[in-house]
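Asker: Provided below for reference: sequence and predicted model.
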Amino acid sequence: MAMLGDAVLAMWWHLPAGCREEFEHWHVHEHFPERLGIPGFLRGSRWHGTDDGDSVFVIYELAGHDVLSSPAYLARLNAPTPWSTKMMPNHLGMVRTQCRVLASQGGLVGGHALTIRLSAQPSAEAALQAHLSALIDALPARPGLTGACLARHERPDIAATVEQRIRGADAEADWVLVVSGYQPETLRALAAGELGPPALAAVGAAADVVTGLYELRFSATPADVAPTESSKATRFESVPRRLPDGFQRHDRPSPLTAPWEPIYARHDEAAVVLAVDVRHAHCNSRGMVHGGLVAALADNAMGLSALRVVTRAGMPDARGVTVSLTIDFVEGVRIGDWLEFVPTVVRAGGTLAFVEFHARVGERIVARGSATFRIVQAVAAQAQGSSKR
């Protein structure tokens with residue numbers, strides 16, 4: 001079997017002039033590791049045009065067609081990293097085809113590939129599939145060739161994703177035929193002969209045949225891009241950034257917030273501002289920061305700020321217990337955003353403190369709210385057993 005699974009995601013596009021060096025860096029060192037970290041992605045391979053290095057063909061081999069609508073994959077499609085967001089508009093003329101494998105033989109990852117996008121004439125589907133399947137059985141044994149695969153598009157029942165909206169509308173191919181080999185001349189002869197448009201039309205193909213010749217640039221399986229021990233915690237997340245002035249690692253960890261680490265803090269005169277560099281662990285299944293995280297860190301930042309004020313007012317052993325918490329969610333927050341929780345202590349006395357906050361990404365307000373805290377001495381707080389701070 002040429003394919004490692006029962007489904008493929010096949011894509012073709014062109015790169016604009018001047019971006020190929022950055023594109024390849026991104027595709028090898030961020031994008032392939034990210035995709036191959038999704039359950040069901042078995043291998044990814046990228047070829048560039050033999051006669052035009054800015055044309056690209058990529059194929060992912062998948063365990064099954066359901067991988068294309070899996071929560072893990074959709075989470076990545078709907079939460080592209082900042083680098084992916086930058087690179088998506090460079091996928092010009094994207095043809096993105098989500099397929100079930102119909103026939104496959106030999107080794108797919110040869111040094112060169114011939115791709116053919118086609119569809120069947122009315123009432124000729126069975127004859128065309130039978131002819132191409134028989135040809136695929138024979139092709140890998142020919143000199144100069146290594147393998148071949150036939151697949152057919154079946155669109156998953158999912159909504160347009162964020163990545164698609166960044167790129168614009170994607171075209172689709174109906175049937176996909178890929179032949180790989182080690183002699184480009186053999187593939188070129190196939191494209192001009194028995195797999196050329198006239199020959200394919202004679203066995204049931206429609207006139208809309210699109211042929212391309214490509215050279216392999218990179219191929220990997222999940223094991224090839226496995227993270228080192230030191231990088232596992234941040235694999236597929238945004239690259240740790242230079243911290244904004246005044247921020248350092250938060251020194252008040254808790255079992256609740258441990259999965260969200262690292263959390264950062266800036267200690268101002270009358271407030272403790274918390275922040276996170278948004279990662280996959282902070283998000284819901286749609287790739288957006290979870291409201292529960294916003295509520296917890298807002299509560300934490302407001303409570304710490306209230307205690308900062310009352311401590312300086314002469315209550316060094318005070319603790320805070322949340323009495324009420326109100327939050328309005330204004331906008332979504334995505335992976336790669338720097339999210340800050342900025343509290344303002346409105347009033348703090350001996351028994352109650354009133355605090356407001358806003359959460360922001362840059363100058364953009366993404367949430368706001370307020371809380372009331374009961375201020376108690378440490379012994380009383382322990383007796384109540386409900387101190388949050």
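Answerer: That came through fine. Just so we're clear, the structure is a prediction, and the values are computed from it rather than from any experiment.
Asker: and the helices in the chain?
Answerer: Using DSSP state H, the helices found in the chain span residues 20-26, 32-36, 71-77, 82-87, 125-138, 162-167, 184-192, 197-202, 291-312, 378-384.
Asker: lowest mean pLDDT across those, which one is that?
Answerer: When the helices of the chain are ranked by mean pLDDT, helix 378-384 comes last with a mean of 49.
Asker: residue most distant from the centroid, this protein?
Answerer: Going by Cα atoms, centre = their mean, the residue of the chain most distant from its centre is residue 314, 49.6 Å out.
Asker: so how far is residue 306 from that residue?
Answerer: Between residue 314 and residue 306 the computed distance is 14 Å (Cβ to Cβ, to the nearest Å). The C-beta positions use only the backbone N, C-alpha and C, and glycine is treated the same way.
Asker: as TSV, the helices of the chain with mean neighbour count and distance to residue 115 would be great.
Answerer: Formatted as TSV, those follow (neighbours: other Cβ atoms under 10 Å; distance: least, Cβ to Cβ, whole Å):
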stretch	mean neighbour count	distance to residue 115
helix 20-26	15	19
helix 32-36	20	19
helix 71-77	18	23
helix 82-87	17	22
helix 125-138	16	14
helix 162-167	16	20
helix 184-192	18	10
helix 197-202	16	13
helix 291-312	21	44
helix 378-384	13	67
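Asker: would you format those as a markdown table with distance to residue 329 included?
Answerer: As requested, these are arranged in a markdown table below (distance: least, Cβ to Cβ, whole Å):
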| stretch | distance to residue 329 |
| --- | --- |
| helix 20-26 | 32 |
| helix 32-36 | 27 |
| helix 71-77 | 19 |
| helix 82-87 | 22 |
| helix 125-138 | 49 |
| helix 162-167 | 18 |
| helix 184-192 | 54 |
| helix 197-202 | 54 |
| helix 291-312 | 6 |
| helix 378-384 | 30 |
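Asker: tell me, how many residues neighbour the residue nearest to residue 188 when sequence neighbours are not counted?
Answerer: Among residues not flanking residue 188 along the chain, residue 213 sits closest, at 6.3 Å (Cβ to Cβ, 6 or more residues apart in numbering). Look at residue 213: counted by other Cβ atoms under 10 Å, it has 20 neighbours.
Asker: any idea how far residue 213 is from residue 153?
Answerer: On the measure of Cβ to Cβ, residue 213 and residue 153 end up 22 Å apart.
Asker: ends of stretch 168-176, how far apart?
Answerer: 22 Å (Cα to Cα, to the nearest Å).
Asker: what's that stretch in contact with?
Answerer: For stretch 168-176, contacts defined as Cβ atoms under 8 Å, 6 or more residues apart in numbering pick out 8, 10, 93-97, 99, 115-120, 128, 149-153, 155, 164, 210.
Asker: of these, which belong to strands?
Answerer: 8, 10, 93-97, 99, 115-118, 149-153, 210 (DSSP state E).
Asker: would you list the buried entries among those?
Answerer: The neighbour count (16 or more other Cβ atoms under 10 Å) marks 8, 10, 94-97, 99, 115-118, 149-153 as buried among those.
Asker: so which residues make contact with stretch 213-223?
Answerer: 4, 24, 27-28, 32, 36-37, 41-51, 55, 57, 109-115, 184, 187-188, 191.
Asker: which residues touch the residue nearest the centre of the chain?
Answerer: Centroid-nearest residue in the chain: residue 76, 2.6 Å away (criterion: Cα atoms, centre = their mean). By Cβ under 8 Å, 6+ apart, the contact list for residue 76 reads 34, 35, 38, 236, 287.
Asker: how far away is residue 22 from residue 14?
Answerer: Using Cβ to Cβ, residue 22 is found at 15 Å from residue 14.
Asker: repeat that for residue 23.
Answerer: Relative to residue 14, and taking Cβ to Cβ, residue 23 is found at 11 Å.
Asker: and the contacts of stretch 213-223, which are buried?
Answerer: 4, 24, 27, 32, 36-37, 41-50, 55, 57, 109-110, 112-115, 184, 187-188, 191.
Asker: residue 273 contacts residue 342, doesn't it?
Answerer: Yes: between residue 273 and residue 342 there is a contact under Cβ atoms under 8 Å: 5.3 Å.
Asker: now for those two: what residues contact both?
Answerer: Contacts common to residue 273 and residue 342, judged by Cβ under 8 Å, 6+ apart, are residue 301.
Asker: so what pairs up with residue 147 in the strands?
Answerer: Beta-bridge pairing for residue 147 (DSSP bridges): residue 106, residue 180.
Asker: what sits against it?
Answerer: Counted by Cβ under 8 Å, 6+ apart, residue 147 has contacts 2, 104, 105, 106, 107, 108, 110, 139, 140, 179, 180.
Asker: save those as CSV, and put in pLDDT and distance to residue 299 too.
Answerer: Formatted as CSV, the contacts of residue 147 follow (pLDDT from 0 to 100; distance: Cβ to Cβ, whole Å):
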residue, pLDDT, distance to residue 299
2, 70, 54
104, 95, 54
105, 95, 59
106, 94, 59
107, 90, 56
108, 85, 52
110, 88, 57
139, 95, 63
140, 95, 62
179, 97, 60
180, 96, 56
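Asker: show me the shaky parts of this structure.
Answerer: 1, 226-241, 378-389 (pLDDT under 70).
Asker: for residue 330, the count of nearby residues, please.
Answerer: Around residue 330 there are 14 other residues, counting by other Cβ under 10 Å.
Asker: ditto for residue 336
Answerer: Residues near residue 336, counting by other Cβ under 10 Å: 20.
Asker: that one contacts residue 82, doesn't it?
Answerer: Yes: assessed by Cβ under 8 Å, residue 336 is found in contact with residue 82 at 4.1 Å.
Asker: now the end-to-end length of stretch 174-187.
Answerer: Note: stretch 174-187 ends 22 Å apart using Cα to Cα.
Asker: from the contacts of residue 76, which is closest to residue 72?
Answerer: residue 38 (4.9 Å; Cβ to Cβ).
Asker: how many neighbours does that closest one have?
Answerer: 20.
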